[in-house]
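In: Okay, predicted coordinates and the sequence, questions at the end:
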Amino acid sequence: MLKEATDKAFSAVLGAVDATEKKLEKEEIGTIHSLSGTTAEVDGLENVRMEELLLFPNGVSGMAFTLANDSVGVVFLSEPVGLKSGDEVRRTGRVVDVPVGDELLGRVIDPLGNPLDAKGPIKAVKRLPVEREAYPIMSRAPVSVPLQTGTKAIDSFTPIGRGQRELILGDRQTGKTALAIDAVINQKDTGVISIYCAIAQRGTAIARVVDNLKKYGVLQNTIVVAASADETAGLQYIAPYAATAIGEYFMQQGKDVLVIYDDLTAHARAYREMSLLLRRPPGREAFPGDIFYIHSRLLERSTRLRPEFGGGSLTALPIVETEAQNISAYIPTNIISITDGQIYLSSPMFQKGLLPAIDTGRSVSRVGGDAQLPAYSSLVGPLKLSFSQFEELESFAKFRSSLDKETERQLKRGRAIRAVMQQKQFRPVPVVDQIAILTATVEGVLDNVADEDREMAYSTISSVMKTEKKDVADMILDRKKLSPEVKADLLDTFRKALIGAGVLKER
């Protein structure tokens, strides 16, 4: 009995020792060789992976960016406060990633998933790498569903389809961000999830965007990923990739996502800064030769998936800033060649107060026309033709004292088209109202409406579509063309309503 009790006690002691025994773990630790701005050269990390997250003293994090035979080039993702040569660097074993999921909706975060909105920690349980391979061509579906922006000049002349990449470019302060935010506001009741990625923007500008999204009731369906101008170049660099990874999660769930990159010019500058500090050879305008590759691998991730791969879509609206209207500069031409079209904002038009200042001659959509609602098809051709004729005639009419009736008619029609394409910010127009107003414009119903009465005329037409012509509105949304008989009846109703509203004189 005594021996049996002793054996049991001995076994219990051995079990307790085994339970508390620490297992040996191999940990690779390097040291900082040199510091240069927001980059560092690290020794001793022989097995580190590209884009692996590295930890430094004082809570500083970095990303392995350049792998050489005897050292690693690291870009800091937070300010390298208090670091010096000789400090330890530890591997984490994982690449830079970001939290994803419904928990991010309505939140403002940095590219690493840290909250910036004082609403508490992010409770997402899943994380995805910020850099992922784009879907192969066999996993993609054709672009066939429109993404309505609510801006008449875009939805008619340069339509965007879900899964498309449409560039917005123009000089500074020409309304590029305003155009993108209006597109987000227009998704309020469409089920589209919006992601706004701010790259190297001022903190006040980001706060203003968030306030507007909240004011117009779309913040709860939007995620803001922000790397402000105060952050390191490394954090600004990974921002658009992090936003895309978040969008891809929803796309895989079968949802439609709109991602806005504001802007990729600042992103290219952040990449140039990091590359030059890490002694990568500069090329044209001091940008490294792979600047095209970093943007192409970002924008190639935008697509529409086939049903068996989730069936969702990710639509990209990258923004690029030009200088002195030079769209043939290095970065603009690079991104134009990657995207499916561009919306060009003209500085002269902006200065004249023609807002949005979209230059229809330089703007194009290469695939969006396939997704455009059929009711637009009979309008776009006459709109473009009338407007181009008007621009030519207007320049010559300045030197003529008298004009014939046909020229007067074309000038009236052109002015009506130019007026109808003007639109105030934060006032997206529903697709049914757009088609109704554009139909009235193309057919000359609005030619004789005074400038001061145009807003009243547009409001009257919208009211008619909501009350008297619900059946026509349903036809438009059902992707049906308007027959000549339906169109004639519609125009007659518009004329009567405008006469009744006192904005059009009876013939």
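Out: Sure thing, it's come through.

In: can you pull out the strands in the stretch 251-400 of the chain?
Out: Assigned by DSSP state E, counting those that start in this stretch, the stretch 251-400 of the chain shows strands spanning 256-262, 313-321, 341-345, 364-365.

In: Quick one: closest of the ones you listed to residue 300.
Out: Closest approach to residue 300 among the strands of the stretch 251-400 of the chain (Cβ to Cβ): strand 313-321, 9.7 Å. For every residue, glycine as well, the C-beta is placed using N, CA and C.

In: Could I get the average pLDDT for the closest one?
Out: If you average the pLDDT over strand 313-321, you get 98.

In: In it, which residues are buried?
Out: Residues 313, 314, 315, 316, 317, 318, 319, 320, 321 are the ones in strand 313-321 that count as buried (16 or more other Cβ atoms under 10 Å).

In: so the last one bridges to which residues?
Out: To tie it back to what came earlier, the one meant is residue 321. Judged by DSSP bridges, the bridge partners of residue 321 are residue 170.

In: just to revisit the earlier point, export the buried residues of strand 313-321 as JSON lines, with columns for distance to residue 252.
Out: Output for these, formatted as JSON lines (distance: Cβ to Cβ, whole Å):
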{"residue": "313", "distance to residue 252": "11"}
{"residue": "314", "distance to residue 252": "10"}
{"residue": "315", "distance to residue 252": "15"}
{"residue": "316", "distance to residue 252": "16"}
{"residue": "317", "distance to residue 252": "21"}
{"residue": "318", "distance to residue 252": "22"}
{"residue": "319", "distance to residue 252": "26"}
{"residue": "320", "distance to residue 252": "28"}
{"residue": "321", "distance to residue 252": "32"}
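
In: Among those residues, which one sits closest to residue 166?
Out: Using Cβ to Cβ, these come closest to residue 166 at residue 317, 5.9 Å.

In: and after the longest helix anywhere in the chain, which helix or strand comes next?
Out: If you go by DSSP state H, the chain has its longest helix at helix 374-397. Once the chain leaves helix 374-397, the next helix or strand it forms, by DSSP states H and E, is helix 405-421.

In: Please save the CA atoms from that following helix in PDB.
Out: Taking C-alpha atoms only, helix 405-421 is exported to PDB below (Å, rounded to 0.1, in the frame of the first residue of the first chain):
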ATOM      1  CA  LYS A 405     -33.100  80.600 -86.900                       C
ATOM      2  CA  GLU A 406     -31.400  77.200 -87.200                       C
ATOM      3  CA  THR A 407     -28.200  78.500 -85.500                       C
ATOM      4  CA  GLU A 408     -30.300  80.200 -82.800                       C
ATOM      5  CA  ARG A 409     -32.100  76.900 -82.200                       C
ATOM      6  CA  GLN A 410     -28.900  75.000 -81.900                       C
ATOM      7  CA  LEU A 411     -27.500  77.500 -79.500                       C
ATOM      8  CA  LYS A 412     -30.600  77.300 -77.300                       C
ATOM      9  CA  ARG A 413     -30.400  73.500 -77.300                       C
ATOM     10  CA  GLY A 414     -26.700  73.600 -76.400                       C
ATOM     11  CA  ARG A 415     -27.300  76.000 -73.500                       C
ATOM     12  CA  ALA A 416     -30.000  73.800 -72.200                       C
ATOM     13  CA  ILE A 417     -27.700  70.800 -72.300                       C
ATOM     14  CA  ARG A 418     -24.900  72.700 -70.600                       C
ATOM     15  CA  ALA A 419     -27.300  73.900 -67.900                       C
ATOM     16  CA  VAL A 420     -28.800  70.400 -67.300                       C
ATOM     17  CA  MET A 421     -25.300  68.900 -66.800                       C
END
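
In: tell me the angle of that helix relative to helix 374-397?
Out: On the basis of axes from the mean of the first three to the mean of the last three Cα atoms, to 10 degrees, helix 405-421 is oriented at 120 degrees to helix 374-397.

In: Can you give me the buried ones in helix 405-421?
Out: 410, 411, 412, 413, 414, 416, 417, 419, 420, 421.

In: For the third one, give its distance to residue 406.
Out: Residue 412 sits at a distance of 11 Å from residue 406 (criterion: Cβ to Cβ, to the nearest Å).

In: try the fourth one
Out: With the distance defined as Cβ to Cβ, residue 413 ends up 11 Å from residue 406.

In: what element comes up after the one helix or strand in the chain whose mean pLDDT sits lowest heading to the C-terminus?
Out: Within the chain, no helix or strand scores below helix 2-20, which has a mean of 60 by mean pLDDT, DSSP states H and E. Next in sequence after helix 2-20, counting helices and strands by DSSP H and E, comes strand 29-36.

In: Regarding stretch 418-434, how distant is the last residue from the first?
Out: With Cα to Cα, to the nearest Å as the measure, stretch 418-434 spans 14 Å from end to end.

In: how about the residue nearest the centre of the chain, what does it touch?
Out: The chain has residue 260 as the residue nearest its centroid, 1.4 Å off, counting by Cα atoms, centre = their mean. With contact set as Cβ atoms under 8 Å, 6 or more residues apart in numbering, residue 260 has these partners: 180, 183, 184, 194, 195, 196, 197, 317, 318, 319.

In: residues near the third one, how many?
Out: Same thing as residue 184. 26 (other Cβ atoms under 10 Å).
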